[in-house]
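Visitor: Got a predicted structure plus its sequence, pasted below:
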Amino acid sequence: MRTIYGTILTAALVAFASMSALAWGHGHLTVARETLKHLPGEWGDRLRDGEGGKVFLSASHAPDDQKTLLADRAEYVDKTLLARLTPPNGKTPVMYRFHAADARCELIFAMSRAMRSGNEKALGFLMGCFNHSVADTVAANHSPLIQLAIYNWKVLGLSDDMEDDCAMLDKSPERKAVLSRVATAACANISSKNLVPQAVFDAAYADQLAGPDFYCLDRDFCAGGDAAVNAFAQEAAYAVRRTVEAFLAAESFSRLPEDPVFDKALTSNATGTWR
Ligand SMILES: [Zn+2]
């Protein structure tokens, strides 16, 4: 008993120590590709037709690469974004910073500035970071239980066969069709009345707390088969939808003469505690 407990405890510690470093692997690209298809309007076309879309797809992995905001991507990070994400000790923030809700909100502002200045590569990069981060917040494999299992198959004596990455949706035309259908339905529900700035920012904070709503997806994910395909498609579609909403918010901000005011205090008081 002590041995089993010790093994599980060790596994848990390894899992939680790894949590900040590991994420969906190729699945981020699956989500980003689907997102690119759903970006509306002129900017959507510009990204799909130009270099911005390519930067977007490659940046869909960027927040996990452990580099700083300035390492080989300084051209995409403007002074305002860097200043707002730099902590009081002045240390250059790392890309992992984008996993936090306030940084996702700053990404929306930075996206709007990139649109205003017509910098489509910067827009692609910033959107890739947003897409990655929002996908991680709802990923079944990031819930503590699944995280524990995934990164400790052998220690826990579990099967290696379980699919644990959204990239499983790319493995057959049927699965791709499920993702496309679910993502299209999710984006069809985007209502322009929900796109006032504060609502988009509140949604960024809500994502941070979304975990408990996704436990049913954990169950389906473990069940395998069609249930798992549908669960992954729903998670991917959630990230697609959130990114499209952020993109539309950024586009509306880009038509203003300057950044709108973001009431962080209101947002964090509304959803930032469990009380
Ligand atoms: Zn990640």
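Guide: Perfect, I can see it now. Residues are numbered from 1 along each chain as shown.
Visitor: Number of residues surrounding the closest residue to G27 other than its chain neighbours?
Guide: Take G27 and drop its neighbours on the chain: the residue closest to it by Cβ to Cβ, 6 or more residues apart in numbering is C166, 2.8 Å away. (Glycine included, C-beta is placed from N, CA and C.) Neighbour count of C166, defined by other Cβ atoms under 10 Å: 27.
Visitor: where's C166 relative to G53, distance?
Guide: Using Cβ to Cβ, to the nearest Å, we find C166 at a distance of 19 Å from G53.
Visitor: Low-confidence regions, this structure specifically.
Guide: Low-confidence segments of the chain (pLDDT under 70): 1-24, 140-162, 192-200, 204, 206-215, 261-275.
Visitor: Can you give me the buried ones in the longest helix belonging to it?
Guide: In the chain, taking DSSP state H as the definition, the longest helix is helix 225-254. Of all the residues in helix 225-254, those buried under the rule 16 or more other Cβ atoms under 10 Å are 228-254.
Visitor: In contact with A236: list those residues for me.
Guide: G27, T30, V31, E34, A135, C166, L169, L179, V182, A183 (Cβ atoms under 8 Å, 6 or more residues apart in numbering).
Visitor: what about the third one, which helix or strand?
Guide: Using DSSP states H and E, V31 sits in helix 27-38.
Visitor: which residues touch that helix?
Guide: Residues contacting helix 27-38 (Cβ under 8 Å, 6+ apart): 24, 44, 47-48, 53, 56-57, 60-61, 127-128, 131-132, 135, 139, 165-170, 179-180, 183-184, 187, 232, 236-237, 239-240, 243-244.
Visitor: redo that, cut-off 6 Å
Guide: Applying Cβ atoms under 6 Å, 6 or more residues apart in numbering, the contact partners of helix 27-38 are 53, 57, 60-61, 131-132, 135, 165-167, 169-170, 179, 183, 187, 236, 239-240, 243-244.
Visitor: could I get that helix in CSV with only the CA atoms?
Guide: Presented in CSV, the C-alpha positions along helix 27-38 are these (Å, rounded to 0.1, in the frame of the first residue of the first chain):
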residue,chain,number,x,y,z
GLY,A,27,-2.7,19.5,-31.7
HIS,A,28,-2.0,23.2,-31.4
LEU,A,29,-1.4,23.2,-35.2
THR,A,30,-4.7,21.3,-35.7
VAL,A,31,-6.5,24.0,-33.7
ALA,A,32,-4.7,26.9,-35.5
ARG,A,33,-5.4,25.5,-39.0
GLU,A,34,-9.1,25.3,-38.1
THR,A,35,-9.0,28.8,-36.6
LEU,A,36,-7.5,30.3,-39.7
LYS,A,37,-10.4,29.0,-41.8
HIS,A,38,-12.9,30.8,-39.6
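Visitor: so which of the contacts of A236 comes closest to the ion?
Guide: Checking these against the ion with Cβ to the ion, the nearest one is A135 at 7.7 Å.
Visitor: For that closest one, which non-adjacent residue is closest in space?
Guide: Spatial nearest neighbour of A135, excluding adjacent residues (Cβ to Cβ, 6+ apart): A239 at 3.8 Å.
Visitor: these two touch, right, the one you found and D136?
Guide: No - A239 lies out of contact with D136 (Cβ atoms under 6 Å); the separation is 8.5 Å.
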